[in-house]
Every structure is written in structure tokens, then in C-alpha cells.
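>>> following is a predicted model, sequence given first.
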Amino acid sequence: MDNFQDALRSFKRGPQVILPKDMASIVFYTGLKPGDKVVDAGAGSGWLAAYMAYIVGPNGKVVTYERREEFADIAKKNFEKLELKNIKLRNKDILLGISEKNLDLVTLDFKDSWQAIPVAQKALKQNGFLVAYLPQATQVVKFVDELKNSEFKLSRVLEVLEREWKIAGDIARPEHNMLGHTAFLVFARKKLSN
């Protein structure tokens, strides 16, 4: 694979994807690194899962859950293009449970993701991260409210905005169009046991 970014952009699209500006924030604020173990719920087209598999490298592992068969088929074909050996797709609803344990990170990208807080809590190691990708502010409020009944501590809520600049000779100004709201990122961390 010459350029991972080009490979991602060649993916067949089905559902909306998590864009690079948000993926980079997830990787940075969770400290995702080579060797980490990750579960991603709501695979969609597979962008986030593929990017995280690239980051965790051959000694890490990413398992992505997708309950909708048509989306799972798209993600599976996209993953095959990349030839990543450290990514596994489960066509299963994560609310039925996470098979993997002692995880470093769980990401959630589906409508009622707060329902997965209990299963994520069981699967994550102490101090592991839970990240929810939520398009609407009302979803953020519900998710954060549900965190109060868990072993998670809210770390931060972000909205990432991106605007390119035009630089040409003496001209240096922001471009008129920007990539604004895509979603809110809610970061929570499993509390250390006493």
C-alpha cells in the first residue's frame, strides 16, 4: 500500500464515514498506539476501523461490529482491498455483547450508542477509553447522562472544525468554504479500580 490516505479514499461508500479530522482526534486523545486492542461498533464503510488497524499495526488488533448486513458487506470488501491482517469484522449487534476483553479502546458510531456503555465497560481494561461519535447535541446529553451510572469518567466533548487556507504570492486568507460540523466526539475513560 503506497499511501494509506489514498487507499481509504478509494473505499466504496455506503453509510456516512468518519472523516480524517475526527479520526485524528480520536487517535490523539486516546493515545492509540501500536499493539493496542480496539473494538469499533458501527463499522459502516470501515474508514475508522481501517485507520485504527493501520495505527495499531501488526501487533495490535481491531475488531469492528456492524449489525446491518449490507454495511458489513461494504466494509468487508473495503478491508480486503487494504490487505490488513489485524482487522476482523463481526456482523453482529454490539448490544448483544463484546467477545473481546481487556481492550484499550471502544468506539461507538450508531444512533443510541449510550445503550452500549455497559458492554463497553465489561470489555475495556482499567483506564481504557470509550469514544462516541454523535451527530446531534441531544445525543451527547443523553450519552453523558448515561455515563453517570457507569464506571466511566467523562474526559472531554469535542467538535472538530477544519478550514483550508489559500496561499498564493501575497495572498494569505482562509478559504470561503470550511468543513464544519460532522459530529461531536465524546471521550470517557474507565476509572481505575481502588
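Here it is on my side, so go on. Numbering: from 1, shown residues only.
>>> where do the strands of the protein begin and end?
37-41, 61-65, 87-90, 103-108, 124-134, 152-159, 165-168, 171-174, 184-190 (DSSP state E).
>>> could you name the helices and strands sitting against the first one?
When contacts are defined as 3 or more C-beta pairs under 8 Å, 6 or more residues apart in numbering; DSSP states H and E, strand 37-41 sits against helix 47-56, strand 61-65, strand 103-108. C-beta coordinates here come from the backbone N, C-alpha and C atoms, glycine included.
>>> got it, and the second one?
Strand 61-65 is packed against strand 37-41, helix 47-56, strand 87-90, with contacts defined by 3+ C-beta pairs under 8 Å, 6+ apart.
>>> and these: which comes nearest Glu159?
Among those, helix 47-56 comes nearest to Glu159, with 17.0 Å by C-beta to C-beta.
>>> now the angle from that closest one to strand 103-108?
Relative orientation of helix 47-56 versus strand 103-108 (axes from the mean of the first three to the mean of the last three C-alpha atoms, to 10 degrees): 160 degrees.
>>> quick one: average pLDDT of helix 47-56?
Helix 47-56 carries an average pLDDT of 94.
>>> ditto for stretch 24-39
pLDDT averaged over stretch 24-39 gives 98.
>>> if we can go back for a sec, nearest to Ile18, of the strands of the chain?
strand 124-134 (5.9 Å).
>>> I'd like to know which elements that closest one is packed against.
Strand 124-134 packs on helix 20-30, strand 103-108, helix 117-123, helix 137-147, strand 184-190, going by 3+ C-beta pairs under 8 Å, 6+ apart.
>>> only the buried residues of it, if you could.
124, 128-134 (16 or more other C-beta atoms under 10 Å).
>>> the longest helix in this protein is where?
helix 69-82 (DSSP state H).
>>> shouldn't Ala53 be in contact with Val63?
No: counting by C-beta atoms under 8 Å, Ala53 stays clear of Val63, with 9.7 Å between them.
>>> with neighbour numbers in mind, choose between these two.
A side-by-side neighbour count of Ala53 and Val63, using other C-beta atoms under 10 Å, places Ala53 first with 25 against 22.
>>> please tell me how far the more buried one sits from Leu95.
23 Å (C-beta to C-beta, to the nearest Å).
>>> count of neighbours near the nearest residue in space to Asn59 that is not next to it in sequence?
Nearest non-adjacent residue to Asn59, counting by C-beta to C-beta, 6 or more residues apart in numbering: Gly35, 4.5 Å away. With neighbours defined by other C-beta under 10 Å, the count for Gly35 comes to 11.
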